[in-house]
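**Q** sequence? don't have it. structure:
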């Protein structure tokens with residue numbers, strides 16, 4: 001007898017930003033999976049067993065990428081290592097995808113369904129940190145590192161994909177697996193170009209994985225913002241700053257006036273917006289009136305139309321700053337963009353059911369000691385690592401959003417049905433984009449969390465390969481709910497190209513020293529062992545200086 005697992009959910013989220021209540025006539029989605037069918041159950045069990053058997057591979061991938069610590073668009077070693085690994089396992093690899101030297105696409109299989117599986121790979125500036133040490137102790141002072149944990153997601157994807165590859169070959173299951181990296185995600189700079197290049201044009205579903213501190217997923221509109229990332233460059237006239245300043249026209253004055261004007265205008269923008277800037281070029285030296293100056297802005301909002309409105313205001317202020325200073329606005333260059341995220345309800349429900357079956361890892365006393373010691377360092381509640389899987393996250397009405405971060409997976413979510421799996425490889429209560437977020441990321445916490453994530457991902461791949469109705473329901477939700485009143489139009493312009501030169505100078509400065517610390521799995525069982533770190537290395541709570 002075939003037993004059907006019924007997961008029922010009622011849509012309660014507006015597809016556009018206008019209303020906090022779903023109309024009574026909104027479609028109701030019922031996800032029916034034949035997940036208790038004997039064959040499906042057997043294959044899911046085998047998939048998780050295969051993931052467990054690849055725990056050593058998972059650990060090596062996590063530790064290797066951690067040791068590279070590369071910034072966005074400069075993930076040279078990471079790309080070489082991952083593509084060589086996938087080619088050795090039978091995947092066909094295309095390198096330098098969409099005009100980005102470190103981007104690649106790895107494909108295996110044939111026929112439908114086509115499932116695109118992605119995860120980010122880049123690090124954070126000045127986040128170098130010894131893993132397993134619960135206080136500030138950089139490997140290389142000032143160097144980049146994995147201060148978000150992007151070194152772990154490819155391990156999740158690769159082990160899950162290899163588990164399914166073996167099963168698909170034996171069971172003669174049709175389907176195509178596409179693996180890809182989220183390069184330069186910390187710059188929110190690459191995924192729109194993947195979309196434009198056509199990576200997803202034949203794909204049925206996209207599954208994305210991202211490090212977190214619990215095992216979970218969500219559907220509908222996410223709590224964060226989308227954005228456009230723009231660098232404004234002004235041209236002026238140089239002169240001696242003391243001898244003949246009246247002959248100069250300062251490009252830096254234009255930058256500073258733009259920043260002042262934006263700060264005044266920000267008071268009169270919605271509370272959901274987030275905007276911030278850095279001066280990337282402030283001139284050469286004080287005794288020369290700056291001939292060229294640049295400022296880099298992020299404009300964030302909860303939907304694409306409002307992002308465009310903020311961008312237009314920024315353009316207006318930039319032109320006005322140039323007029324006030326007698327300079328010219330030489331260019332406004334888009335360095336990155338991201339649509340707000342909207343995740344697919346039927347697939348999220350199926351993924352959540354698998355997450356509940358997988359559960360959280362068994363954390364050791366050492367794991368919990370490291371987590372609580374770091375939480376003490378950060379002066380947050382010392383609750384340790386998560387021990388209970390959370391509920392399926394429902395969408396947040398736009399009226400209740402209060403802004404937040406961005407991820408360019410948003411562009412993918414508006415291109416085809418997409419979900420993000422968050423897996424528990426990091427410690428709760430950390431600030432994000434910070435050296436503290438690197439501490440767990442080459443320890444047993446990261447290894448166990450990635451294995452748990454790979455199990456949930458592998459089980460969901462089985463659902464998608466063996467339950468055609470799930471993909472049909474996913475597209476029904478995508479067409480009749482998500483994109484009913486909001487259609488995707490990229491924020492990048494036709495003339496925009498990837499800013500692949502970003503971070504090149506920083507990596508050129510630090511890579512020679514960082515290379516000395518690359519992980520060598522042929523000599524050391526783990527990266528902790530290679531570095532000679534006792535796990536965990538902590539100090540008594542309350543001794544932070």
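**A** Yep, it's here. What you see is a predicted model; the values in this text were computed from it and never measured.
**Q** least trustworthy helix or strand in the protein by mean pLDDT?
**A** strand 5-9 (a mean of 34; mean pLDDT, DSSP states H and E).
**Q** Distance-wise, check the residue of the chain most remote from its centre relative to residue 287.
**A** Largest separation from the mean C-alpha position in the chain: residue 243, at 50.6 Å (C-alpha atoms, centre = their mean). Distance, residue 243 to residue 287, using C-beta to C-beta, to the nearest Å: 9 Å. Glycine gets a C-beta too; all of them are placed from N, C-alpha and C.
**Q** residues in contact with stretch 322-335?
**A** 187, 189, 228-237, 249-251, 253-254, 257, 292, 296, 315, 318-319, 321, 491-493, 496, 499, 502 (C-beta atoms under 8 Å, 6 or more residues apart in numbering).
**Q** In helices only, show me those residues.
**A** Assigned to helices by DSSP state H, the following of the contacts of stretch 322-335 qualify: 251, 253, 254, 257, 315, 318, 319, 321.
**Q** Test my guess that the first one contacts residue 238.
**A** Read that as residue 251. No - with contact defined as C-beta atoms under 8 Å, residue 251 does not count as touching residue 238 (9.2 Å).
**Q** Between those two, tell me which one has more neighbours.
**A** residue 251 (30 against 17; other C-beta atoms under 10 Å).
**Q** that older thread, tell me which helix or strand the residue farthest from the centre of the chain sits in.
**A** Using DSSP states H and E, residue 243 sits within no helix or strand.
**Q** so what's residue 233 up against?
**A** Residue 233 sits in contact with 251, 281, 292, 293, 294, 329, 330, 331, 332, 333, where contact means C-beta under 8 Å, 6+ apart.
**Q** gap between the last one and residue 283?
**A** Using C-beta to C-beta, one obtains 19 Å as the distance from residue 333 to residue 283.
**Q** between these two, which one's more packed in?
**A** Ranked by neighbour count (other C-beta under 10 Å), residue 333 and residue 283 place residue 283 first, with 19 against 16.
**Q** Just give the closest residue to that one, not the sequence neighbours.
**A** Once flanking residues are discounted, residue 283 sits nearest to residue 290: 3.0 Å by C-beta to C-beta, 6 or more residues apart in numbering.
**Q** helix, strand or coil for residue 334?
**A** Put simply, residue 334 is strand when judged by DSSP: H, G, I helix; E, B strand; the rest coil.
**Q** Strands along the chain, start to end?
**A** 5-9, 29-33, 92-95, 104-110, 114-120, 175-182, 205-212, 220-221, 226-235, 274-281, 292-301, 328-338, 342-343, 418-424 (DSSP state E).
**Q** so what does the fourth one touch, helix or strand wise?
**A** Strand 104-110 makes packing contacts with helix 76-88, strand 92-95, helix 153-171, strand 175-182 when contacts are defined by 3 or more C-beta pairs under 8 Å, 6 or more residues apart in numbering; DSSP states H and E.
**Q** mind checking which of those is nearest residue 377?
**A** Among these, the nearest to residue 377 by C-beta to C-beta is helix 153-171 (25.4 Å).
**Q** and the angle for that closest one with strand 175-182?
**A** 170 degrees (axes from the mean of the first three to the mean of the last three C-alpha atoms, to 10 degrees).
**Q** Next, the buried residues of helix 153-171.
**A** Under the neighbour-count criterion of 16 or more other C-beta atoms under 10 Å, helix 153-171 has 153-165, 167-168 buried.
**Q** If you compare the directions of that helix and helix 76-88, what angle comes out?
**A** 10 degrees.
**Q** And helix 153-171, how far out from the chain middle?
**A** From the chain centre to the centre of helix 153-171 is a distance of 21 Å (C-alpha atoms, centre = their mean, to the nearest Å).
**Q** hang on, the earlier thing: any chance of the helices and strands packed on strand 104-110 in a markdown table, with distance to residue 122 too?
**A** Formatted as a markdown table, the helices and strands packed on strand 104-110 follow (distance: least, C-beta to C-beta, whole Å):
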| stretch | distance to residue 122 |
| --- | --- |
| helix 76-88 | 8 |
| strand 92-95 | 17 |
| helix 153-171 | 11 |
| strand 175-182 | 8 |
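**Q** Test my guess that residue 205 contacts residue 112.
**A** No - counting by C-beta under 8 Å, residue 205 does not reach residue 112; the two are 10.7 Å apart.
**Q** quick one on the thing from earlier: what subset of the ones in helices among the contacts of stretch 322-335 is buried?
**A** Applying 16+ other C-beta under 10 Å to the ones in helices among the contacts of stretch 322-335, the neighbour count classes 251, 253, 254, 257, 318, 319, 321 as buried.
**Q** How about the second one, nearest residue that isn't a chain neighbour?
**A** In this structure, residue 253 finds its nearest non-sequential neighbour in residue 325, 4.5 Å apart by C-beta to C-beta, 6+ apart.
**Q** Report how many residues lie close to that neighbour.
**A** 20.
**Q** That one and residue 382, how far apart?
**A** As judged by C-beta to C-beta, residue 325 and residue 382 stand 52 Å apart.
**Q** biggest separation within the ones in helices among the contacts of stretch 322-335, which pair?
**A** Going by C-beta to C-beta, the pair spanning the ones in helices among the contacts of stretch 322-335 furthest: 253 and 315, at 18.5 Å.
**Q** Kindly reformat the helices and strands packed on strand 104-110 as CSV and extend each row with mean pLDDT.
**A** What follows is those, written out as CSV (pLDDT from 0 to 100):
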stretch, mean pLDDT
helix 76-88, 98
strand 92-95, 98
helix 153-171, 98
strand 175-182, 98
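**Q** Between those, which one is closest to residue 130.
**A** Using C-beta to C-beta, the nearest of these to residue 130 is helix 76-88, at 19.3 Å.
**Q** how far off strand 104-110 does that closest one point, in degrees?
**A** Using the same axes, to 10 degrees: helix 76-88 against strand 104-110 is 10 degrees.
**Q** Distance from helix 76-88 to the middle of the chain?
**A** 19 Å.
**Q** That one: which residues count as buried?
**A** Quick answer for helix 76-88 (16+ other C-beta under 10 Å): 77, 78, 79, 81, 82, 83, 85, 86.
**Q** what's the answer for stretch 536-545, then?
**A** Result for stretch 536-545 [16+ other C-beta under 10 Å]: buried residues 536, 537, 538.
**Q** need the contact list for the nearest residue to residue 171 once chain neighbours are set aside.
**A** Leaving out its chain neighbours, the residue that sits closest to residue 171 by C-beta to C-beta, 6+ apart is residue 43, at 7.0 Å. Neighbour list for residue 43: 167, 171, 462, 466 [criterion: C-beta under 8 Å, 6+ apart].
**Q** The same query, at a cut-off of 10 Å, please.
**A** 37, 164, 167, 168, 170, 171, 173, 458, 459, 462, 465, 466 (C-beta atoms under 10 Å, 6 or more residues apart in numbering).
**Q** got CSV for the residues you listed, with distance to residue 311 too?
**A** CSV is the format used below for the contacts of residue 43 (distance: C-beta to C-beta, whole Å):
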residue, distance to residue 311
37, 50
164, 41
167, 47
168, 44
170, 52
171, 50
173, 45
458, 41
459, 41
462, 43
465, 41
466, 44
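**Q** surely residue 421 meets residue 214?
**A** No - contact criterion C-beta atoms under 10 Å: residue 421 and residue 214 do not qualify, at 11.2 Å.
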